[in-house]
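Engineer: I'll drop the sequence and a predicted model, then ask my questions.
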Amino acid sequence: MNRPQPNDYPIWAEAYINKVEQDIFEILEEQVFSLPALFERNKDKENYAYAENKWTLKEMLGHIIDCERIFAYRITCFARNEQQHLPGFDEDDYVSNARFGERNYEDMIEEFATLRKANLYLYRSLNDDELHRTGTASGRAINVKSILFVTAGHIIHHFGILTERYHVV
């Protein structure tokens with residue numbers, strides 16, 4: 001699949017889209033295993049935050065799960081030609097209101113993998129027309145293909161943060 005073009009997405013999405021350097025479906029499928037494996041290997045750090053007022057590892061995983069759901073919802077809406085504008089979200093507010101610290105870490109790891117596996121059925125079913133449909137989220141126009149790339153790039157982004165700041169391996 002060709003990369004989205006700059007006029008297909010708002011400027012904020014570019015940082016995530018630019019992180020995708022190989023086939024989008026290979027990355028999305030690989031992340032089903034690589035992300036859970038990373039969190040699994042670091043069970044002993046689930047409540048670790050690299051600095052004061054930063055998310056714990058468990059909260060980071062919760063944020064990733066929230067975004068997986070939100071991006072899949074946006075893809076579904078826009079692929080189905082939804083004309084209503086979708087709201088944005090404040091990631092910090094979502095994390096602070098989610099009670100991730102009370103959740104079972106292993107369940108959350110499995111939750112991400114299950115969500116991504118289910119979402120891949122939708123993603124693979126999209127035809128060229130649906131991939132190019134555009135909708136508005138957070139007050140900005142973005143097409144379905146771009147959200148697919150954002151979905152993969154968002155995980156790549158957080159992989160970087162996890163290895164650089166949380167020192168997970």
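Structural biologist: On my side now, so go ahead.
Engineer: Please name the nearest non-neighbouring residue to residue 131.
Structural biologist: Leaving aside its sequence neighbours, residue 131 sits nearest to residue 145 (C-beta to C-beta, 6 or more residues apart in numbering; 4.3 Å). Heads up, the C-betas are built off the backbone N, CA and C, glycines and all.
Engineer: Relative to residue 161, how far out is residue 109?
Structural biologist: In this view, residue 109 and residue 161 are 17 Å apart by C-beta to C-beta, to the nearest Å.
Engineer: any weak-confidence spans in this protein?
Structural biologist: Within the chain, no stretch falls below the threshold (pLDDT under 70).
Engineer: Run a quick neighbour tally on the spatially closest residue to residue 13 that is not a sequence neighbour.
Structural biologist: Closest residue in space to residue 13, ignoring its immediate chain neighbours: residue 150 at 5.1 Å, by C-beta to C-beta, 6+ apart. When neighbours are counted by other C-beta atoms under 10 Å, residue 150 registers 26.
Engineer: State the helix or strand in which residue 150 lies.
Structural biologist: Taking DSSP states H and E as the criterion, residue 150 maps to helix 144-164.
Engineer: got it, and residue 122?
Structural biologist: Short version, using DSSP H and E: residue 122 is in helix 105-125.
Engineer: From the rest of the structure, what touches that helix?
Structural biologist: Under the criterion C-beta atoms under 8 Å, 6 or more residues apart in numbering, residues 25, 28-29, 31-33, 35-36, 39-40, 43, 46, 58, 61-62, 64-65, 68-69, 72, 75-76, 79, 100, 148, 151 lie in contact with helix 105-125.
Engineer: Could you rerun that using 6 Å?
Structural biologist: Identification of contacts with helix 105-125 by C-beta atoms under 6 Å, 6 or more residues apart in numbering yields 32, 36, 39, 40, 46, 58, 61, 65, 68, 72.
Engineer: ok, the residue nearest to residue 13 touching residue 15?
Structural biologist: No: look at residue 150 against residue 15 with C-beta atoms under 6 Å: they stay out of range, at 9.3 Å.
Engineer: Do a quick rundown of the strands in this protein.
Structural biologist: 134-137, 140-143 (DSSP state E).
Engineer: Run through who's touching the first one.
Structural biologist: Strand 134-137 has contacts (C-beta under 6 Å, 6+ apart) with 74, 78, 82, 85, 86, 141, 143.
Engineer: can I get those in JSON lines with neighbour count?
Structural biologist: Putting these into JSON lines (neighbours: other C-beta atoms under 10 Å) gives the following:
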{"residue": "74", "neighbour count": "22"}
{"residue": "78", "neighbour count": "26"}
{"residue": "82", "neighbour count": "16"}
{"residue": "85", "neighbour count": "13"}
{"residue": "86", "neighbour count": "17"}
{"residue": "141", "neighbour count": "15"}
{"residue": "143", "neighbour count": "21"}
